[in-house]
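In: 3D, please:
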Amino acid sequence: MDFLLSDIHDDLASSVDTLLTKADTPAVARAWAGGDHSPAAGVFRQLADIGVFGLLIDEEHGGAGAGAVEMVVALEQIGRHPLAGPIVESVAVVPILLRSATESDALDAAASGRLSSAAIAPLSPRAADTYAAERVYVVDNDVLSLATVDDTAQSVDPTRTVSTVRPAEVITEGVDGDRAAQFGALATAAQLLGLGSTMLRIASDYALSRRQFGRQIGSFQAVKHHLADVAIALEMARPLVHGAAVGIDGGVPEGVDASRDISAAKVAAADAAYLASRRSLQVLGAIGYTSEHDLSLYLTKTRALVSAWGTPAQHRARILESL
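Out: Model prediction:
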């Protein structure tokens with residue numbers, strides 16, 4: 001199967017990246033971690049204005065009527081910036097749930113940028129960032145309900161929390177929770193690609209500016225190999241993410257297991273981003289983990305998202321079961 005991104009995809013990626021660069025997302029993330037969500041709210045409104053929240057929602061409900069390919073293009077660019085909040089849930093998971101439940105009014109609100117969160121066992125038994133979500137959903141035995149939050153815990157990422165939730169008001173039965181969870185895993189994989197790419201850039205820039213023994217440290221073979229390993233891992237993971245997006249959109253031959261492809265993409269993207277976090281920290285040294293350095297925002301977010309919407313072990317088990 002041949003697949004190349006089109007000019008439309010490139011324009012979408014450029015629009016998201018430009019918007020988030022101008023927004024100074026590291027400062028927005030630090031404000032969020034300190035309890036001030038107002039800067040992030042402005043960024044979410046801008047993302048809604050360019051159609052990011054409505055990518056998976058049809059035009060009848062104010063969305064773009066796009067598919068998973070467009071979603072991963074946007075989420076990879078969002079991942080290049082340490083934006084806080086339930087992004088994957090609001091852009092990818094909840095729209096699929098609401099489409100399955102044919103919730104028209106809720107779809108209209110989701111396309112306009114309403115933040116939502118969701119819990120779907122076994123891949124995501126807890127809901128992320130419920131305090132920032134206007135609505136929290138839970139799927140239990142294919143029954144979609146609004147959720148009540150029982151308790152909330154801080155994750156390793158200072159901008160992210162996870163909450164134990166339970167069903168409250170039932171919305172509908174017969175929803176395809178597994179498909180929504182697959183979109184969550186795929187969107188998280190794309191976000192991890194973006195995180196890994198930015199950490200590689202930060203480490204590369206530092207290697208070119210930092211000098212020891214009268215030379216740039218980037219000229220040392222060990223540093224070159226470290227960064228090359230990351231670049232290779234990211235470039236090998238990206239086609240898996242794009243291929244899985246084509247598959248879940250129905251663009252693969254009959255008999256191809258799209259669910260397996262999503263799990264493979266999530267594992268590869270998580271491994272690549274985690275490698276990027278380890279190697280970038282090695283290049284920068286201890287300064288990279290200080291709260292004052294932007295790299296720390298990417299390190300902690302990567303560590304949190306590696307296990308979001310399915311741990312590597314869960315997805316490897318799914319791949320094994322399908323073979």
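In: ok, now which ones touch the spatially closest residue to residue 203 that is not a sequence neighbour?
Out: What sits nearest to residue 203 in space, not counting adjacent residues and going by C-beta to C-beta, 6 or more residues apart in numbering, is residue 280, at 3.8 Å. Using the backbone N, CA and C atoms, a C-beta is placed for each residue, glycine as well. Contact partners of residue 280, counting by C-beta atoms under 8 Å, 6 or more residues apart in numbering, are 199-200, 202-203, 230, 288, 295, 298-299.
In: List the ones among those that fall in helices.
Out: 199-200, 202-203, 230, 295, 298-299 (DSSP state H).
In: Strands of the stretch 151-300 of the chain, start to end?
Out: Ranges of strands in the stretch 151-300 of the chain, per DSSP state E, counting those that start in this stretch, are 161-173, 211-212, 215-216.
In: Rounded mean pLDDT for the longest one, please.
Out: Spelled out, it's strand 161-173. Per-region confidence: strand 161-173 scores 95 on mean pLDDT.
In: name the helices or strands packed onto that strand?
Out: The helices and strands touching strand 161-173, judged by 3 or more C-beta pairs under 8 Å, 6 or more residues apart in numbering; DSSP states H and E, are strand 116-120, strand 127-128, strand 135-140, strand 143-154.
In: so which of those gets nearest residue 213?
Out: strand 143-154 (41.8 Å; C-beta to C-beta).
In: who does the closest one pair up with?
Out: Strand 143-154 has its sheet partners listed here by DSSP bridges as strand 135-140 (antiparallel), strand 161-173 (antiparallel).
In: Show me which of the ones in helices among the contacts of residue 280 is closest to residue 52.
Out: Taking C-beta to C-beta as the measure, residue 52 lies nearest residue 298 of these, at 20.3 Å.
In: What ranges does the stretch 201-323 of the chain have for its helices?
Out: 221-248, 258-284, 295-305, 312-322 (DSSP state H, counting those that start in this stretch).
In: Adding mean pLDDT as columns, could you present these in a markdown table?
Out: Shown next, in a markdown table, are the helices of the stretch 201-323 of the chain (pLDDT from 0 to 100):
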| stretch | mean pLDDT |
| --- | --- |
| helix 221-248 | 92 |
| helix 258-284 | 95 |
| helix 295-305 | 96 |
| helix 312-322 | 95 |
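In: Can I get these in a markdown table including distance to residue 5?
Out: Output for those, formatted as a markdown table (distance: least, C-beta to C-beta, whole Å):
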| stretch | distance to residue 5 |
| --- | --- |
| helix 221-248 | 8 |
| helix 258-284 | 16 |
| helix 295-305 | 23 |
| helix 312-322 | 25 |
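In: can you tell me which of the ones you listed comes nearest to residue 162?
Out: Across these, residue 162 has its closest neighbour in helix 295-305 (8.6 Å, C-beta to C-beta).
In: still on that earlier bit, looking at the strands of the stretch 151-300 of the chain, which is nearest to residue 114?
Out: strand 161-173 (15.3 Å).
In: Can you list the buried residues in that closest one?
Out: Buried residues in strand 161-173, counted by 16 or more other C-beta atoms under 10 Å: 161-165, 167, 171.
In: And stretch 50-68, by the same measure?
Out: 51-57, 61-64, 66-68.
In: Quickly check these for the two that are furthest apart.
Out: 62 and 68 (19.2 Å).
In: and of the helices of the stretch 201-323 of the chain, who's closest to residue 151?
Out: Of the helices of the stretch 201-323 of the chain, nearest to residue 151 by C-beta to C-beta is helix 295-305, at 17.8 Å.
In: angle of that closest one against helix 258-284?
Out: 150 degrees (axes from the mean of the first three to the mean of the last three C-alpha atoms, to 10 degrees).
In: Any idea what the residue nearest to residue 168 when sequence neighbours are not counted is bridged to?
Out: Counting by C-beta to C-beta, 6+ apart, residue 168 lies nearest to residue 148, which is 4.4 Å off, once chain neighbours are set aside. On the basis of DSSP bridges, residue 148 is bridged to residue 166.
In: From what I see, residue 148 and residue 164 are in contact.
Out: No: taking C-beta atoms under 8 Å as the definition, residue 148 is not a contact partner of residue 164, at 10.0 Å.
In: Give the residue spans of the protein that score low on pLDDT.
Out: 1-2, 210-211, 214, 217-220, 251-255 (pLDDT under 70).
In: Give me the neighbour count for residue 18.
Out: Residue 18 sits with 12 neighbouring residues when counted by other C-beta atoms under 10 Å.
In: Which secondary structure elements does the helix or strand harbouring it sit against?
Out: Element membership of residue 18 [criterion: DSSP states H and E] is helix 7-22. Counting by 3+ C-beta pairs under 8 Å, 6+ apart, the packing neighbours recorded for helix 7-22 are helix 38-49, helix 68-79.
In: angle of the helix or strand following it against helix 38-49?
Out: Under the assignment DSSP H and E, the closest C-terminal helix or strand after helix 7-22 is helix 25-33. Interaxial angle of helix 25-33 relative to helix 38-49 (the same axes, to 10 degrees): 120 degrees.
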